[in-house]
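*Asks:* please find the sequence and the predicted model below.
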4 protein chains.
Amino acid sequence: MPKISEERLAARREQVLQAAWSCFARNGFHATTMADVIAESGMSAGGVYRYFRSKEEIVTAIADRAYGTLTTALQDLLADPDVTDVADVVGRLLRTVEEFADGESFDRTRIVLLAWAESLRSAEIGAKARSIQLALRELLVQVVARAQAAGQMRADADPAAVAPVIASVLIGYVVQRLVVGGMDPAFYTAGVQGLVGAHR
Amino acid sequence: MPKISEERLAARREQVLQAAWSCFARNGFHATTMADVIAESGMSAGGVYRYFRSKEEIVTAIADRAYGTLTTALQDLLADPDVTDVADVVGRLLRTVEEFADGESFDRTRIVLLAWAESLRSAEIGAKARSIQLALRELLVQVVARAQAAGQMRADADPAAVAPVIASVLIGYVVQRLVVGGMDPAFYTAGVQGLVGAHR
Amino acid sequence: MPKISEERLAARREQVLQAAWSCFARNGFHATTMADVIAESGMSAGGVYRYFRSKEEIVTAIADRAYGTLTTALQDLLADPDVTDVADVVGRLLRTVEEFADGESFDRTRIVLLAWAESLRSAEIGAKARSIQLALRELLVQVVARAQAAGQMRADADPAAVAPVIASVLIGYVVQRLVVGGMDPAFYTAGVQGLVGAHR
Amino acid sequence: MPKISEERLAARREQVLQAAWSCFARNGFHATTMADVIAESGMSAGGVYRYFRSKEEIVTAIADRAYGTLTTALQDLLADPDVTDVADVVGRLLRTVEEFADGESFDRTRIVLLAWAESLRSAEIGAKARSIQLALRELLVQVVARAQAAGQMRADADPAAVAPVIASVLIGYVVQRLVVGGMDPAFYTAGVQGLVGAHR
DNA sequence: GATGAATGAGAATTCATTCAT
DNA sequence: TATGAATGAATTCTCATTCAT
């Protein structure tokens, strides 16, 4: 019985989160009302509140998930030890971002940007965002080290300094993609290639 | 008499915007109530609404200003024709960002991140954000061309492709600065230097 | 279950309308605040707004009802084919008006006058008022035709022209009753009799 | 100096009333704001409040004027001792009403209807409306008596009973004209003729 | 006398959350 | 457990009126 209950719990939470995810991507966290989420979820108000204590909790869960899903995808990618070229890494990361954006009927990267902004207000969301970013940096440090080992990047560069810059290349892509629009992964990757240059 | 009136108008609008700016940086656009702005401004409700038609108008004005102030600073910097080294350019831009963040009692870059998120909801804010970003890209295209002319960057790189990447280096710095914290401009600049590498 | 829900809906709307009806009769549409209606209804603000989208919707519903109730009563009366004497018709109509005025704790004819005035501002209320008046005229045309057939009215009179005049006799009664006061249906009917005169 | 001051006073009051009159005819008493009246008058807020203590006072003055102007016109008409035919009287009265409606850029009869509705709320407006109506009745009593003397109306009719009915014929015309529209004075007068019948 | 900026109580409406059924 | 009607504090905005200049 506790097992079934637990599955049920997870399924119901999922149902709410799917609805919230979709609403938030459309209207942002604040312009989305609980009534929107409730209607989209197909559940009752009481039902939703059985699984989440408050709207804040849902927002936090969604923000977590947004970071989490993207980060997991990036981690899978970066875990491949053959990846040594920085521009190639960025190119692959961007494709992952694009898949992430197109994977649902709504653009999930919108949630990521909303969550960054929400970090400024919510300590909990901020903490999560911070730890995810730090984990991403860790991975990028390894990529840089590998690139250096493969002779594709200056040996005198500090991987710990380079990693946040590569993170920025990704973050900036997400922001410009949403704010400016018209970002082409291949063209952007070419820009990265051009900037990074051929070492030696 | 129209002169006085115009000055008064500007002064009052400024009074409201200062208050709003401060409230928004603290709590974000949505968690800030008009009552907060009114109290902070030292004016009455009616007074505030004499100078701004709605909260939305205040939000838009603040977002404009956030973009505008930062962009003006960046433009001044990039207008210097002696600047040819990309890492140097980024270093200078970061210092400008830091000054921008410290220039008031609150961190103005917070408003920039809020405004990016708000772009997803407000067509007006989105349009402004877009045009500012495009203007920034234009300037960076020129910087890249200059760097190429000075032999400091690969001649075969397309400046139009490189510019958004450099923009990302800035955007990502702002985001990581706010979300992760602990960003050191010098260390970050070193990372840029390491990534860009020595051409040839 | 839909049955209960529908009844509940109707009952709640009724509760709000009763309250509004009473407030409006006392203070008019504009001087009545939603807080007044809410307090009178015994419901909460949110409750009232669950059943009516806006104050305007309540005003419109009340205006409709005012017209509707009176018109239904008049139609019932005029549907009696034995009625052929015009003064008699007017006398009966006035008694209906008086009953309508006394049927509740407040005078429902006040709402009718308010609604006429409101017709000048609200297209929706105006349309309803117009259609009700036209329906009343239709009925009066038939009454006039019957009176002519019974030889109690000049055969050369155009019923379509006479009907609005009879409508005026009613409308004017309502207005004078509210504005001047002291209207006695029997005395007024005698006046109608005197004016109409004996044909031949 | 007191004379000039007095003239100035009257002129300024007139300026405000003209503006208010026009605004009220357009939007009704309640939907018209003092800002509207102030703007339309070309005066300043302080200026308007120098000549009128409150909005209520302006509304009352306008209501008075609406009644007064129409009543004066009617009185002039009814003072003519040659007028003895009731349908003729009504026909002339309607022409006066139409002139009254067309005499300005806005329809002054709208104000009359608004004022009747307002009578329900304002004791002052109500008192004025009542006294005007009573004065009108007085005149109509005389008309009826004259008609009887001329053998054009049944001698056994009580003029005091007939007068309010004739008043209604006018009131109803005004209401139907505004609420239903499409009223033709000649056609309506024909209806009166038909109803009144040929006394012999 | 005149101005018009300022006031602030009050208006309509919303919405996260609860709880009786 | 589930429902969804009910709550009521909070929100944005208005507007008649005043008063310092």
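*Replies:* Now that the structure is in, tell me what you want to look at.
*Asks:* report the closest residue of chain A relative to DNA strand F.
*Replies:* In chain A, the residue found nearest to DNA strand F is A:Gly46; the distance is 2.0 Å by Cβ to the nearest atom of the strand. C-beta: built from backbone N, CA, C; applies to glycine.
*Asks:* following the chain onward from the helix or strand where A:Gly172 lies, which element is next?
*Replies:* Assessed by DSSP states H and E, A:Gly172 sits inside helix A:159-179. Next helix or strand after helix A:159-179 toward the C-terminus (DSSP H and E): helix A:185-196.
*Asks:* how distant is that next one from the center of its chain?
*Replies:* Distance of helix A:185-196 from its chain centroid, counting by Cα atoms, centre = their mean, to the nearest Å, is 21 Å.
*Asks:* kindly report the same for stretch A:62-74.
*Replies:* 4 Å.
*Asks:* and the contacts of it?
*Replies:* Where contact means Cβ atoms under 8 Å, 6 or more residues apart in numbering or on different chains, the residues beyond stretch A:62-74 that reach it are A:17, A:20-21, A:24, A:93, A:96-97, A:99-100, A:108-109, A:111-112, A:114-115, A:118, A:122, A:125, A:128-129, A:132, A:135-136, A:139.
*Asks:* circling back: so for the helix holding A:Gly172, mean pLDDT?
*Replies:* The average pLDDT for helix A:159-179 rounds to 97.
*Asks:* chain A: helices as residue ranges?
*Replies:* A:2-31, A:34-41, A:45-51, A:55-78, A:86-102, A:108-119, A:123-149, A:159-179, A:185-196 (DSSP state H).
*Asks:* mind listing what's buried in the fifth one?
*Replies:* Okay, so that is helix A:86-102. By 16 or more other Cβ atoms under 10 Å in any protein chain shown, the buried positions in helix A:86-102 come out as A:86-94, A:96-98, A:100-101.
*Asks:* cool, the shortest one as well?
*Replies:* Neighbour counts over helix A:45-51 (16+ other Cβ under 10 Å) mark A:48-49, A:51 as buried.
*Asks:* and those, which is closest to DNA strand E?
*Replies:* So of those, ranked by how close each gets to DNA strand E (Cβ to the nearest atom of the strand), first place is A:Tyr49, at 3.7 Å.
*Asks:* do you know the pLDDT at that closest one?
*Replies:* On the pLDDT scale, A:Tyr49 is placed at 97.
*Asks:* for the one 5 residues further on, same thing?
*Replies:* The confidence metric pLDDT takes the value 97 at A:Ser54.
*Asks:* could you give the number of residues near it?
*Replies:* 10 (other Cβ atoms under 10 Å in any protein chain shown).
*Asks:* got CSV for the helices of chain A, with distance to DNA strand E too?
*Replies:* Formatted as CSV, the helices of chain A follow (distance: least, Cβ to the nearest atom of the strand, whole Å):
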stretch, distance to DNA strand E
helix A:2-31, 7
helix A:34-41, 3
helix A:45-51, 3
helix A:55-78, 4
helix A:86-102, 26
helix A:108-119, 14
helix A:123-149, 14
helix A:159-179, 23
helix A:185-196, 36
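*Asks:* what residues go with each domain of chain A?
*Replies:* The record assigns chain A these domain ranges, following automatic domain parsing: A:1-52, A:62-196.
*Asks:* follow-up on the earlier one: now the buried residues of helix A:86-102 in JSON lines, with distance to chain D?
*Replies:* Listed next are the buried residues of helix A:86-102 as JSON lines, based on distance: Cβ to the nearest Cβ, whole Å:
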{"residue": "A:Val86", "distance to chain D": "64"}
{"residue": "A:Ala87", "distance to chain D": "63"}
{"residue": "A:Asp88", "distance to chain D": "66"}
{"residue": "A:Val89", "distance to chain D": "63"}
{"residue": "A:Val90", "distance to chain D": "59"}
{"residue": "A:Gly91", "distance to chain D": "61"}
{"residue": "A:Arg92", "distance to chain D": "62"}
{"residue": "A:Leu93", "distance to chain D": "58"}
{"residue": "A:Leu94", "distance to chain D": "55"}
{"residue": "A:Thr96", "distance to chain D": "57"}
{"residue": "A:Val97", "distance to chain D": "53"}
{"residue": "A:Glu98", "distance to chain D": "53"}
{"residue": "A:Phe100", "distance to chain D": "52"}
{"residue": "A:Ala101", "distance to chain D": "49"}
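*Asks:* of those, which are in range of chain B?
*Replies:* Contacts with chain B within the buried residues of helix A:86-102, as defined by Cβ under 8 Å from any Cβ of the partner chain: A:Val86.
*Asks:* wait, A:Met153 touches A:Ala147, no?
*Replies:* Yes: A:Met153 is within contact range of A:Ala147, at 4.2 Å (criterion: Cβ atoms under 8 Å).
*Asks:* what does chain A put close to chain C?
*Replies:* Checking chain A against chain C by Cβ under 8 Å from any Cβ, there are no hits.
*Asks:* which residues does the residue in chain A that chain C sits nearest to contact?
*Replies:* Nearest residue of chain A to chain C: A:Ala35, at 11.4 Å (Cβ to the nearest Cβ). The contact partners of A:Ala35, by Cβ under 8 Å, 6+ apart, come to A:Ala45.
*Asks:* how near is it to chain D?
*Replies:* In this structure, A:Ala35 and chain D are 31 Å apart, going by Cβ to the nearest Cβ, to the nearest Å.
*Asks:* and the gap between that residue and chain B?
*Replies:* Following Cβ to the nearest Cβ, the distance that separates A:Ala35 from chain B is 17 Å.
*Asks:* one more: A:Gly103?
*Replies:* According to Cβ to the nearest Cβ, A:Gly103 and chain B sit 18 Å apart.
*Asks:* with A:Arg121 instead?
*Replies:* 5 Å.
*Asks:* quick check: closest non-adjacent residue to that residue.
*Replies:* Using Cβ to Cβ, 6 or more residues apart in numbering or on different chains and skipping the chain neighbours, the partner closest in space to A:Arg121 is B:Gly28 (5.0 Å).
*Asks:* now A:Glu56
*Replies:* Of all residues not flanking A:Glu56 in the chain, A:Ser122 sits nearest, at 7.4 Å (Cβ to Cβ, 6+ apart).
*Asks:* before we move on, what about A:Glu138?
*Replies:* Nearest residue to A:Glu138 in three dimensions, chain neighbours excluded: A:Ala163, at 7.8 Å (Cβ to Cβ, 6+ apart).
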